[in-house]
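**Q** Need a 3D model of the following:
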Amino acid sequence: MTIAYAERLHGWRFILFNVVLGLGHMVVLFGAGSYIALMPQVAGDLGGVRPSFGTWGQTYFIIALALAFPVARWLAGRFGDYRLFIAAFVVYAFASYLCAIAQTIAFFVPARILLGFSGGITLFIGQSLVLREYPDNLKLLALGVWGLVTLMPFTISFPIGGLIADELGWRYLFYLNIPFSLAIAGFAGALLAGRGFEHNHTRFDGLGFVLLALIIGSIQTILNMGNDFDWLDSPFLRSVLMVLIVAVPCFIIWEFGESHPTFNLHLFAHRNFTIGVIGISVGFLSIQGLLSLFIVQLQVLLGYSSFLAGMVFLPMILLAAPVTVAMHLLPKGLDARLLVSLNLLGFAFTFYWLGLFDDPGSYDQIFWPMLLLGFFFWVHFLCL
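**A** So this is what the prediction gives:
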């Protein structure tokens, strides 16, 4: 059996490695955030479909991103994490090319799914690669830097994506992914060439994964198409609902009897885990829903360009550094549950404040609620 990472990187190689993996992380998450600013243009260019159809490319992308995690864990054990990381970025470049040349929504959405799946593999593998290169006493620092790299694209991606769409066209967002992705794969391969890894021949729960994909995909398909196709008056959506009804009990029964399940349902027997998952899920849906709907509303209803709509979200990043420092200076004995509860109330107040905004001429009025939203956003992340 080969030994994984017998010697860590040092000096300029260590610095370059951090830059490469950080850039890779940002490229994938930038594609998730910046696409929101492009949705009206994408929908108009892909056969002139409704703006709501443009959201399909985002929602299925996120689903593919999540579904990649259990597959990445299994593939890393079979072929090695750094080899998988390199291959995933090569596929990411190819999927970006497919997205860029798409002429119809039927071609674009599968390409976007492939993009999300390959990107999800890099997100899962990237963090483990970083942590292996840090000594034990610096792993918390590595996680902190990794967290900042994770959240940064969700703030700067909107204005940059909008600028690319306005000046070059939305397709260049995907064309630019290609050289970055190939460069990341090349540098990672050069830095980690010859590394061994520990083989893990754990059996992959293929049936559980397929059932999970059917459940999540069916729910998202109904939500995506329901408003445009009269919900259950559509024969197609009724068929999707039947698939969902059959898949859910099959998935539950199968996963409870599986020794290496794709999704361990026994974890929900723990109260804290269940409450945490519900809280994180609802919080993510709220924030993602705000970002998706608000930026489209600014463009479609209030006449903002893609760049200006993206600039609305830029104030969210201004308090990132002060909040990070303040959170580390807080007493260790502070009850995080109280802080998170107060923070969620702050989110609710900010969302209400944003709901009052309807004047396209008062750009300065939106600055303050977005600044406050950024404050609560960073506090929430650091509490997690």
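**Q** Tell me which stretches of the stretch 51-200 of the chain form strands.
**A** When assigned using DSSP state E, counting those that start in this stretch, the stretch 51-200 of the chain turns out to have no strands.
**Q** Could you list the low-pLDDT ranges of it?
**A** Applying pLDDT under 70 to the stretch 51-200 of the chain flags residues 139-141, 143-145, 147-148, 150-155, 196-200.
**Q** What are the boundaries of the helices in it?
**A** With helices called from DSSP state H, counting those that start in this stretch, the stretch 51-200 of the chain shows them at 51-54, 56-79, 81-101, 105-133, 139-151, 153-167, 171-175, 177-192.
**Q** Dump the C-alpha coordinates for the first one into CSV.
**A** This means helix 51-54. Provided in CSV are the C-alpha atoms of helix 51-54 (Å, rounded to 0.1, in the frame of the first residue of the first chain):
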residue,chain,number,x,y,z
PRO,A,51,-36.7,34.6,-17.6
SER,A,52,-37.9,31.9,-15.2
PHE,A,53,-36.4,29.2,-17.5
GLY,A,54,-33.0,30.8,-16.9
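**Q** Does anything pack onto that helix? Which helices or strands?
**A** In terms of contacts (3 or more Cβ pairs under 8 Å, 6 or more residues apart in numbering; DSSP states H and E), helix 51-54 is packed against helix 11-45. The way it works is simple: take the backbone N, C-alpha and C, and place the C-beta from them, glycine included.
**Q** in the helix it packs on, what's buried?
**A** 17-18, 20-43, 45 (16 or more other Cβ atoms under 10 Å).
**Q** any weak-confidence spans in the stretch 251-384 of the chain?
**A** 292, 306, 320-321, 324-336, 358-364, 380-384.
**Q** so what does the helix or strand harbouring L223 touch, helix or strand wise?
**A** Counting by DSSP states H and E, the element that carries L223 is helix 206-225. With contacts taken as 3+ Cβ pairs under 8 Å, 6+ apart, helix 206-225 sits against helix 56-79, helix 235-256.
**Q** What's the mean pLDDT across it?
**A** In this model, helix 206-225 has an average pLDDT of 90.
**Q** for stretch 114-129, which positions count as buried?
**A** Within stretch 114-129, judged by 16+ other Cβ under 10 Å, the buried ones are 114-127, 129.
**Q** can you dump the C-alpha coordinates of that stretch into PDB?
**A** Only the C-alpha atoms of stretch 114-129 are listed here, as PDB (Å, rounded to 0.1, in the frame of the first residue of the first chain):
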ATOM      1  CA  LEU A 114     -22.100  18.500 -15.800                       C
ATOM      2  CA  LEU A 115     -20.500  21.800 -14.800                       C
ATOM      3  CA  GLY A 116     -22.000  21.600 -11.300                       C
ATOM      4  CA  PHE A 117     -21.100  17.900 -10.900                       C
ATOM      5  CA  SER A 118     -17.500  18.400 -11.800                       C
ATOM      6  CA  GLY A 119     -17.300  21.500  -9.700                       C
ATOM      7  CA  GLY A 120     -18.800  19.800  -6.700                       C
ATOM      8  CA  ILE A 121     -16.000  17.200  -6.900                       C
ATOM      9  CA  THR A 122     -13.300  19.900  -6.800                       C
ATOM     10  CA  LEU A 123     -15.000  21.500  -3.800                       C
ATOM     11  CA  PHE A 124     -15.100  18.300  -1.800                       C
ATOM     12  CA  ILE A 125     -11.500  17.300  -2.700                       C
ATOM     13  CA  GLY A 126      -9.900  20.800  -2.500                       C
ATOM     14  CA  GLN A 127     -10.400  21.300   1.200                       C
ATOM     15  CA  SER A 128      -8.900  17.900   2.100                       C
ATOM     16  CA  LEU A 129      -5.900  18.600  -0.100                       C
END
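**Q** And for that stretch, what's in contact with it?
**A** Stretch 114-129 is contacted from outside by 21, 24-25, 28-29, 31-32, 60-69, 71-73, 75-76, 81-82, 84-85, 88-89, 91-92, 94-96, 98-99, 146, 192, using Cβ atoms under 8 Å, 6 or more residues apart in numbering.
**Q** If any of those residues are buried, put those into a PyMOL selection.
**A** Buried subset of the contacts of stretch 114-129, written as a PyMOL selection, criterion 16+ other Cβ under 10 Å:
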select buried, resi 21+24+25+28+29+31+32+60+61+62+63+64+65+67+68+71+72+73+75+76+81+82+84+85+88+89+91+92+94+95+96+98+99+146+192
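**Q** Could you list the domains of this structure?
**A** Domain assignment for the chain, taken from automatic domain parsing, gives 1-200, 205-259, 271-384.
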